[in-house]
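*Asks:* Okay, structure incoming, though there's no sequence with it:
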C-alpha cells in the first residue's frame, strides 16, 4: 500500500485515531500487522446536516470476511454511515480507517477509496443509455485502466455467475427490478472491492423479487466477501450476519452475534424495536 505521513508500523490501532496514515489504495498481500487489525475502523464519527446531528460519536469495527448487518428504526443513521464510509458524505468529527489508514478528512484520494469500498444503493442507479455490459465495464476501464477486452471478459463471467449473461446487451429498462439490482451488485463487484456496502438493496423491490437479490448476497457471504449492510430484512440478517449492530440515537446502541441480538438482546431499546418487528410479522 502506498502511504504518506508514516507512523510506527507497530503502533496499536487504538492509538492512531488522531494520527492515522493517509489511505491511498490497497495492494495485494498486506503486512502481517495490517492483516491482524480490523479491516474497517469507525472511531467516534460525528455527522451533522445543519443543526441535526445524525451520527453522534459512533464506533464500529468490521473484520475481514465479516458480514455486519446494521438494523434500527428509520432515521437512525444507517444509510448516512454507509455514505460516510464511501466518501459520499463528509464527517464533522472522528475518523474512518481502512487497513489502519485514514479515509476521511483532508487529502484523501476518494477515487482510491471507492476502488476498494464499493456501494450499492436501494435505487439501482444504472445508466439508462448504456447496456448491462457497458454499465458493468465502465468503471474498470475508466478508473482501473483495464483493457476493454479484459474488462468485458470479467464482466461476462460475473453476469454468468448471477444468471444474467444473456441480458448483457439489454438496456436497464428491459430488466425487472430484481435483475437491475443484481446488475448493480455486479457492477460494484467488477471493481474487486475489499468491502461491499449495501444500502437497503431490497427496499425498492416487489416482494417476489427480493429473494433473487438476497441469494446473491448469501453467495458472497459464503465466499468471504466483507460486507456492511443496512437492512430491514430481519430474517435475512439473522441468517447471514456475522455481527448485528442496532443503531439508535446516532450510535451503535448494541452489537453482537445474531443469536444474541435477536434471541437475548441486553438493551431495552433493542428489545422494544425487535418486539415491533415481530408484531409486524417481519421476523
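*Replies:* In hand now; what should we look at? Just so you know, these numbers come straight off a predicted model, no measurement behind them.
*Asks:* what secondary structure does residue 53 sit in?
*Replies:* State at residue 53, reduced to three classes by DSSP: H, G, I helix; E, B strand; the rest coil: strand.
*Asks:* Going forward, the N-terminal residue is numbered 59.
*Replies:* Renumbered: residue one is now 59, and that last one reads residue 111.
*Asks:* what number of residues lie near the residue nearest to it when sequence neighbours are not counted?
*Replies:* Once flanking residues are discounted, residue 111 sits nearest to residue 308: 6.2 Å by C-beta to C-beta, 6 or more residues apart in numbering. C-beta here means a position set from N, CA and C on the backbone, and glycine is covered the same way. The local packing of residue 308 (other C-beta atoms under 10 Å) involves 22 other residues.
*Asks:* just checking, residue 308 touches residue 107?
*Replies:* No - counting by C-beta atoms under 8 Å, residue 308 stays clear of residue 107, with 11.7 Å between them.
*Asks:* Thought residue 270 was touching residue 264, still the case?
*Replies:* No - using C-beta under 8 Å as the test, residue 264 is too far from residue 270 to be in contact (10.8 Å).
*Asks:* any shared contact partners between those two?
*Replies:* Counting by C-beta atoms under 8 Å, 6 or more residues apart in numbering, the contacts common to residue 264 and residue 270 are residue 236.
*Asks:* Tell me which of those two has more neighbours.
*Replies:* Set residue 264 next to residue 270 and count neighbours by other C-beta under 10 Å: residue 270 wins out with 18 against 10.
*Asks:* element containing the closest residue to residue 100 other than its chain neighbours, please.
*Replies:* With sequence-adjacent residues excluded and distances taken as C-beta to C-beta, 6+ apart, residue 100 is closest to residue 118, at 4.3 Å. Assigned by DSSP states H and E, residue 118 falls within strand 110-120.
*Asks:* Distance from the chain centre to that strand, please.
*Replies:* Offset of strand 110-120 from its chain centre (C-alpha atoms, centre = their mean, to the nearest Å): 15 Å.
*Asks:* now do stretch 145-163
*Replies:* Centre-to-centre, stretch 145-163 and its host chain are 14 Å apart (C-alpha atoms, centre = their mean).
*Asks:* List the buried residues for it?
*Replies:* Residues 145, 147, 149, 152-162 are the ones in stretch 145-163 that count as buried (16 or more other C-beta atoms under 10 Å).
*Asks:* Is the residue nearest to residue 303 when sequence neighbours are not counted in a helix, a strand, or coil?
*Replies:* Leaving aside its chain neighbours, residue 303 sits nearest to residue 313 (4.3 Å; criterion: C-beta to C-beta, 6+ apart). Following three-state DSSP, we place residue 313 in the strand state.
*Asks:* Report the contact partners of residue 313.
*Replies:* Here residue 313 is in contact with 118, 301, 302, 303, 304, 319 (C-beta under 8 Å, 6+ apart).
*Asks:* And residue 69, what's its pLDDT?
*Replies:* At residue 69, the model reports a pLDDT of 36.
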